[in-house]
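Participant: Here is a sequence together with a model predicted from it:
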Amino acid sequence: ESTADLVGKHIVITAGGTREPLDPVRFLGNRSSGKQGVALAEAALARGASVTLIAANLEVAAPASVELRLVGTALELEAAVTEAAAGADAVIMAAAVADYRPLLVQDDKIKKDDTGDTLLLELTRNPDILAGLAQAHRPGQVLIGFAAETETDPVRLVALGRAKMARKGCDFLVVNRVGWAEGFASDRNAITVLDHAGDIVCEASGTKLSVAGRILDLII
Ligand code: C5P
């Protein structure tokens with residue numbers, strides 16, 4: 001299936017997971033592999049789009065023909081995606097962005113001799129990048145967010161997605177379950193997509209590439 005229905009379209013995709021430094025050797029991170037974001041990039045390229053991939057610590061290789069921007073932290077991702085989004089037809093925020101970062105980044109490695117048996121870390125909120133993009137949203141630009149949740153009950157999972165949509169204000173929200181063995185490291189995914197009003201517009205499961213195709217269909 002290589003319909004060229006995205007020829008002439010510029011799609012910005014964020015993928016992977018941010019890492020928020022504590023000191024020169026340590027960070028707070030998450031288990032996002034970047035596989036779903038990379039699958040979206042591959043599917044969009046195959047349909048003729050030009051793709052900017054904003055990659056945060058990917059565990060998989062980025063496709064060769066994307067315009068690749070490497071970022072580490074949420075603040076770096078925010079700067080890169082805000083700049084790239086200005087001329088984009090669609091922005092897909094598949095990256096797992098840290099909600100908090102360490103308030104102070106130590107210049108030297110934190111030593112356990114100085115901290116003792118317990119260590120309290122003070123964190124500060126990161127900006128909500130997706131909500132910010134939604135506020136700056138141009139007519140005609142499609143903005144897609146993700147919601148990775150550990151909720152196992154499907155009804156409550158969708159309810160969490162609806163509440164998140166109300167906070168984020170994007171056009172579509174891709175809700176997927178994650179857990180110790182689901183979501184992140186896997187080559188497969190199961191998604192429920194909500195539109196701006198919170199109605200279910202797509203349910204799909206399969207390989208991350210096939211799920212990516214269903215998400216791109218919504219942009220069309
Ligand atoms: O609030 P939560 O992290 O669950 O929202 C997930 C969605 O919001 C994802 O699309 C993610 O890329 C985006 N996000 C963001 N800025 C943050 C946290 C998440 O844009 N600080």
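Facilitator: It's in.

Participant: so who does D108 touch?
Facilitator: Residues near D108 by Cβ atoms under 8 Å, 6 or more residues apart in numbering: D23, P24. All C-beta spots, glycine's among them, are computed from the backbone N, C-alpha and C.

Participant: er, E151 I mean
Facilitator: Contact partners of E151, counting by Cβ under 8 Å, 6+ apart, are L157, L160, R177.

Participant: which residue ranges form the helices in the chain?
Facilitator: Along the chain, counting by DSSP state H, helices occupy 35-46, 74-85, 112-115, 129-135, 154-168, 208-219.

Participant: Could you measure from I129 over to the ligand?
Facilitator: Counting by Cβ to the nearest ligand atom, to the nearest Å, the separation of I129 from the ligand is 3 Å.

Participant: do the same with R162
Facilitator: Taking Cβ to the nearest ligand atom as the measure, R162 falls 13 Å from the ligand.

Participant: Who are the packing partners of the helix or strand of the chain with the lowest mean pLDDT?
Facilitator: Lowest on mean pLDDT, DSSP states H and E among the helices and strands of the chain sits helix 112-115, with a mean of 82. For helix 112-115, not one helix or strand is in contact under the criterion 3 or more Cβ pairs under 8 Å, 6 or more residues apart in numbering; DSSP states H and E.

Participant: how far out from the middle of the chain is it?
Facilitator: 35 Å (Cα atoms, centre = their mean, to the nearest Å).

Participant: cool, stretch 41-49 as well?
Facilitator: Using Cα atoms, centre = their mean, the offset of stretch 41-49 from its chain centre is 17 Å.

Participant: what residues does that stretch touch?
Facilitator: Outside stretch 41-49, the residues touching it (Cβ under 8 Å, 6+ apart) are 2-11, 13, 15, 51, 53, 62-63, 65-66, 209, 212-213, 216.

Participant: Quick check: residues of this protein near the ligand?
Facilitator: A74, M93, A95, V97, D99, N126, D128, I129, L130, G145, F146, A147 (Cβ under 6 Å from any ligand atom).

Participant: Quick one: buried ones out of the residues you listed?
Facilitator: A74, M93, A95, V97, N126, D128, I129, L130, G145, F146, A147 (16 or more other Cβ atoms under 10 Å).
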